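>>> have a look; sequence and predicted model below, questions after that.
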Amino acid sequence: MQPHIKHSYTRIGFHSSSFGLKAAKLAEATRGEWKGSLKHLVVLIGCLMIGVLAAVFWMGADRVVPVTCGQDLDVIVNADDPTIGTRFQLEGPCTYTVDTKLAPKNGDEIAGPKATFIERSTSTASALDPEPTVTILGSEGLSNVIRAEGKVHLEWVKIVGGTGQYSGGSPVAGTGSALAMGMASNDSSLYAVHITGNDGAGITNAHGTFDSIELSDTTQDPNFLGFIGSGLKAITEVEVRNSYIHDNQGNGLWCDQFCHDSNEELHPNGFWIHHNLVVNNGRAGIRFERVGDVADAGEALIENNEVHGNGTDATRGGIDIRDAQDAPIQNNRFGAATIGEVGYEVAYEPNANGVAIRATDSGRSDRPDLFNVDIVGNVLNGETIVGCEQPDEIVVCSDALPPPPPGDTTPPVITKVVTGTLGNNGWYTSNVGVDWSVSDAESAISSQSGCGDLSVTSDQQETTYTCTATSAGGTSTESVTIKRDATPPETTISPDSSSGTITTTTATFGFSSNETNSRFECKLDPVESAFSSCVSLKIYSSLANSSYTFSVQAIDAAGNTDTSPATRSFTVSTTQGGDTTAPTVISTVPGPGATGVSPTINNIKATFSEAMMASSITGQTFMLFKNGSTTKIAAKVSYDPSTRTAKLNPTNNLQRGVTYRAVLTTGAKDVAGISLVQQKEWLFTVKR
C-alpha cells in the first residue's frame, strides 16, 4: 500500500498575488483620498494593470494564455507565435488529448493548477510524489507527446503516451517518449510533473533541472530495453532532485554517451542525482555509463538517495557505474527499507542479488576505462559493492576491503543476463541482448575478451558467443548460444488443389511453406470457425452443395505464424450437368403487399428453393427502390447458404409512409449456374 498523506507546497520565489494585494491596498487609499475623481480612477486601473503585468513577468513568460478543458491544446500551443514566451495555463481537473506533438518553443511554459504532493521523505531523501489534476494524453501512434525547443518549463501536469516507432524491425531513437528534449536548452525545467505509460522512455535527451517529479511505468515495449529504456534518458548533464522514480521497466535515471558537460553555472555538479526515492526499477535505479576520454565528457555526483528493490530484470545494482569516470557516490541508503509516515509505510526489498553499487569496466576498446569513482559513506544495510577490489585510482571505497589473500586459487566469476522473447525450440523471436558481468573478489581481472554487452537484431542460425576472463586465480569461460527467427513464414496452396465449381462432395488441398520444419493449421468456412492442426494433403468429405473458403497458415519452428493465411474458394455442385431446374423465390420478408413495416427494418429477405451461388447474390442482383423510382436504395447485400436466404440491409432507415419495391434479377443463380426462373419483384409499405 502506498502512503496517501497529501501536502500542498508552493515554490520559493516571488508570488504574483503580492502585487495584486499591494495594488488593492493602494486602490483603497486612493479611493479614500480622491473619491469621485476621474483622474484617480485612472490611477487605480493603472495600479491593477501593473500587478497583472508584474505577475506575468515573474512567471518567466511574456504573456499568459488560458486553455480551458475541451479546447484543442496542440492546436493552440503549436500555432502560438514562437518569438513570444507564452505560459499556457491549463484548467483542471480534466484530460487534454493531443493528436499532434505539442511543440513549445523558447520561453514557453505549460502549467496545470497547483495541486498536492504525497510525501515520501526520509532522513536521507526528501522525495515528493506530485498528484497533478491535469493530464496531457498522447493519441495512439504519436511518437512523442511533447517535443520541447529552447528554454521550456512544465509544471503540475501528468503526461501519458509516446508510441515507439520501428525502422526495419528495429526501434527508432527518440521515439516512444512522453517528452523529447533533444532541442531543449540546459536551462529548461520541470516541477511537479508525473510522466508514465510510454513505449520507450519517459523523457529522452533530457536537458535541464527536474524537481519533485514522478517517473513510473515507462518502457512498456521491451524492445526498447537496453536502447533508451528508462524513466529519464540523458546524454547531457542534468539535475534530478526530490523526485520519486519507481516501477520503470528499464533504468530509473540514465546518462550515457559521454553525458556531455552542461552549463557550469546551471549544473556545477554535473549529472547531479540527489534526495530522490529510486525504487523497484527493472534494471539499474541510477546508471552512469560510457563517460570519459573526450574534452566535454561530464561528471556525476550521486548522493543522498534512497535506492531499493532495483534490478529485477537485469542485475546491475541499485547504482551502476559502467565504463565511466569521475563519479562520487556518497551518503545513499540501500538494502530493505520501510518508508512513509506512520500508518502509511511501504516496505521495499533489497536491490537484486544484494548489489547496492556496481562499478565495472566492460573491457571494450571503444569505451572509456573505468576511473576515479569514489564510493563514500553509503549505508549498505547488508548489500554489497562490486568494484572495490580495483586499484584506488579506479575505484575508492570508504570501507576498504582487506588485501586479497595470497595465492588466489579461484578464477573470475562470469555471469550473463539474456533478454528477449523466447519462442519454440530455443529460438528467439525478438531482438536479443546479452549483458556480461565479470568479477573476482580475491584479485583483479587481468584480461578479458568477448565480455562486452551484445545485441542480436537480425535473424541468424545457432551462434555461440563466449566470454573469457583471467585473474590471478585462473581463467574462466562462459558461453551462450543464440538463434533468432523473428520472420513469419509464407504459406502456398498447391495449384492442383480444389477450386472453382466441383461436382463431387470431396475437396482436396495440398500446401507448403517457404520454411522447412513448419507445421500447419487449416480452416474451412463456413464449416469450421477456428484453425486447427492439419497436414498436407487435407481432404474434406461429404460436403453439401454450397460455397466454401479453405484457409491454411504455416507456423515455423520458432513459433512464428503466417500473418496472411493462404485461401482458396470453391463451390460444390453435385448436380452440375444434370440440374435443369431453375431456382425460384419461395418466401420473402416483408411479404408481398405488406404494410406497417418498421422503418428500421434490418434485413429484407428472400428465401430460394435450392442452394444458390453466393457470388451471384450482390447489390446488382438484389435491389431496393422507392416504388416508381429507378434510383437504388443504398444497402448491404449478403447470402446465408445455411438457410438459402439472400439478405438486403438498408444503410439508412426507410422513410415512413413510403412504398418500396424489392427486386431479385435473373442474375441470381443456383450452384449449378442456372438463373432464377424469372425476375422477382414485390412491394411493401413502411408504417407512418
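That came in fine, so what should we check first?
>>> pull the helix or strand with minimum mean pLDDT from the chain.
Of all the helices and strands that make up the chain, the one with the lowest confidence by mean pLDDT, DSSP states H and E is helix 17-34; it has a mean of 35.
>>> so Val75 sits in a helix?
Yes. Under DSSP: H, G, I helix; E, B strand; the rest coil, Val75 sits within a helix.
>>> local confidence estimate at it?
Val75 is assigned a pLDDT of 97 by the prediction.
>>> to what extent is it buried, counted in neighbours?
The number of residues packed around Val75, counting by other C-beta atoms under 10 Å, is 12. (Glycine included, C-beta is placed from N, CA and C.)
>>> any idea how far His260 is from it?
Val75 sits 35 Å away from His260 when distances are taken as C-beta to C-beta, to the nearest Å.
>>> who does Ala554 bridge with?
According to DSSP bridges, the residues that bridge with Ala554 are Phe520.
>>> where does pLDDT dip in this structure?
In the prediction, the chain carries residues with pLDDT under 70 at positions 1-60, 341-344, 399-407, 575-579.
>>> spit out the contact partners of the residue most central in space within it.
Most central residue of the chain, judged by C-alpha distance to the mean C-alpha position with C-alpha atoms, centre = their mean, is Asp199 at 2.4 Å. When contacts are counted by C-beta atoms under 8 Å, 6 or more residues apart in numbering, Asp199 touches 162-164, 175-176, 219-221, 224.
>>> for Ala611, state which of these is nearest.
Nearest to Ala611, judged by C-beta to C-beta, of the contacts of Asp199 is Thr163 at 48.4 Å.
>>> tell me the contacts of that closest one?
The contact partners of Thr163, taken as C-beta under 8 Å, 6+ apart, are 138, 140-143, 175-176, 199.
>>> checking it next. Helix, strand or coil?
The three-state label for Thr163, taken from three-state DSSP, comes out as coil.
>>> please report how far it lies from Gly252.
From Thr163 over to Gly252 the distance is 22 Å, taken as C-beta to C-beta.
>>> same question for Gly673.
Distance, Gly673 to Gly252, by C-beta to C-beta: 70 Å.
>>> so which residues of the stretch 301-450 of the chain form strands?
306-308, 319-330, 337-339, 346-348, 355-360, 371-376, 384-386, 395-397, 413-419, 427-428, 432-439, 445-449 (DSSP state E, counting those that start in this stretch).
>>> just say which of these is most tucked in.
Most buried of the strands of the stretch 301-450 of the chain, by mean neighbour count (mean count of other C-beta atoms under 10 Å): strand 306-308, with a mean of 29.
>>> quick one, which of Gly673 and Gly252 is more surrounded?
When Gly673 and Gly252 are compared on other C-beta under 10 Å, the one with more neighbours turns out to be Gly252, at 35 against 13.
>>> what's the helix or strand for that one?
In this structure, Gly252 is located in strand 251-260 according to DSSP states H and E.
>>> now that strand: buried residues?
251-256, 258-260 (16 or more other C-beta atoms under 10 Å).
>>> pick the one among these closest to Asp129.
Distance from Asp129 was checked for each of the buried residues of strand 251-260 by C-beta to C-beta. The minimum falls on Gly252, at 14.4 Å.
>>> domains in the chain, as residue ranges please.
For the chain, whose domains are defined here by automatic domain parsing, the residue ranges read 60-397, 413-484, 491-572, 585-686.
>>> any idea which of those is most buried?
Each of the domains of the chain was assessed for mean neighbour count using mean count of other C-beta under 10 Å. The highest is domain 60-397, with a mean of 21.
>>> ok now that one, how far from the chain's centre?
Averaged C-alpha coordinates place domain 60-397 at 17 Å from its chain's average position (C-alpha atoms, centre = their mean, to the nearest Å).
>>> likewise for stretch 589-596?
With C-alpha atoms, centre = their mean as the basis, stretch 589-596 stands 55 Å off its chain's centre.
>>> can you list contacts of that stretch?
597, 601, 603-605, 682-685, 687.
>>> and the helix or strand where Thr595 lies, how far out from the chain middle?
The secondary structure element spanning Thr595 is strand 594-597 (assigned by DSSP H and E). For strand 594-597, the distance from its own C-alpha centre to the chain's C-alpha centre is 54 Å (C-alpha atoms, centre = their mean).
>>> mind listing the strands it pairs with, and their directions?
Applying DSSP bridges to the sheet, strand 594-597 is found paired with strand 680-686 (parallel).
>>> correct me, but Asp108 touches Ala61?
Yes. The pair Asp108 and Ala61 qualifies as a contact (C-beta atoms under 8 Å) at a distance of 7.0 Å.
>>> common neighbours of those two, please.
Here Asp108 and Ala61 have 85-87 as joint contacts, going by C-beta under 8 Å, 6+ apart.
>>> dump the residues you listed into JSON lines; add distance to Leu664 as well.
Rendered in JSON lines, the data for these read as follows (distance: C-beta to C-beta, whole Å):
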{"residue": "Gly85", "distance to Leu664": "70"}
{"residue": "Thr86", "distance to Leu664": "65"}
{"residue": "Arg87", "distance to Leu664": "68"}
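>>> and the contacts of stretch 589-596, which two are the farthest apart?
Between all members of the contacts of stretch 589-596, the farthest pair (by C-beta to C-beta) comes out as Lys605 and Lys687, at 18.5 Å.
>>> the residue nearest to the centre of the chain belongs to a strand?
No. The assignment for Asp199 (three-state DSSP) gives coil, which keeps it out of a strand.
>>> how near is it to Gly250?
Asp199 sits 11 Å away from Gly250 when distances are taken as C-beta to C-beta.
>>> same check, this time on Thr618
54 Å.
>>> equivalent analysis for Thr135, please.
Taking C-beta to C-beta as the measure, Thr135 and Gly250 are separated by 23 Å.
>>> same thing with Pro171?
Taking C-beta to C-beta as the measure, Pro171 falls 12 Å from Gly250.
>>> now for those two: what residues contact both?
Common neighbours of Pro171 and Gly250, using C-beta under 8 Å, 6+ apart, are 224, 228.
>>> was I right about Ser494 contacting Phe550?
No. The pair Ser494 and Phe550 fails to qualify as a contact (C-beta under 8 Å) at a distance of 11.5 Å.
>>> and for those two, which residues touch both?
Common contact partners of Ser494 and Phe550 (C-beta under 8 Å, 6+ apart): Phe509.
>>> residue contacts, the closest residue to Trp272 other than its chain neighbours?
Closest residue to Trp272 apart from its sequence neighbours, by C-beta to C-beta, 6 or more residues apart in numbering: Glu239 at 4.5 Å. Going by C-beta under 8 Å, 6+ apart, Glu239 touches 208-210, 267, 269, 272-274.
>>> confirm Glu239 sits in a helix?
No. Following the definition three-state DSSP, Glu239 is strand and is not counted among the residues of a helix.
>>> how close does it get to Gly510?
Using C-beta to C-beta, Glu239 is found at 67 Å from Gly510.
>>> kindly report the same for Ile136.
From Ile136 over to Gly510 the distance is 56 Å, taken as C-beta to C-beta.
>>> give the contact list for Ser185.
The neighbours of Ser185, taking C-beta under 8 Å, 6+ apart as the test, are 106, 150-151, 207-208.
>>> do I have it right that Thr312 meets Ala352?
Yes. Shown here, Thr312 and Ala352 form a contact pair, counting by C-beta under 8 Å, at 5.7 Å.
>>> how about Asp81, phi and psi?
In terms of degrees, to the nearest 10, the main-chain angles of Asp81 are phi -60, psi 120.
>>> returning to that earlier point: nearest to Tyr465 among the buried residues of strand 251-260?
The nearest member of the buried residues of strand 251-260 to Tyr465, counting by C-beta to C-beta, is Asp256 at 22.5 Å.
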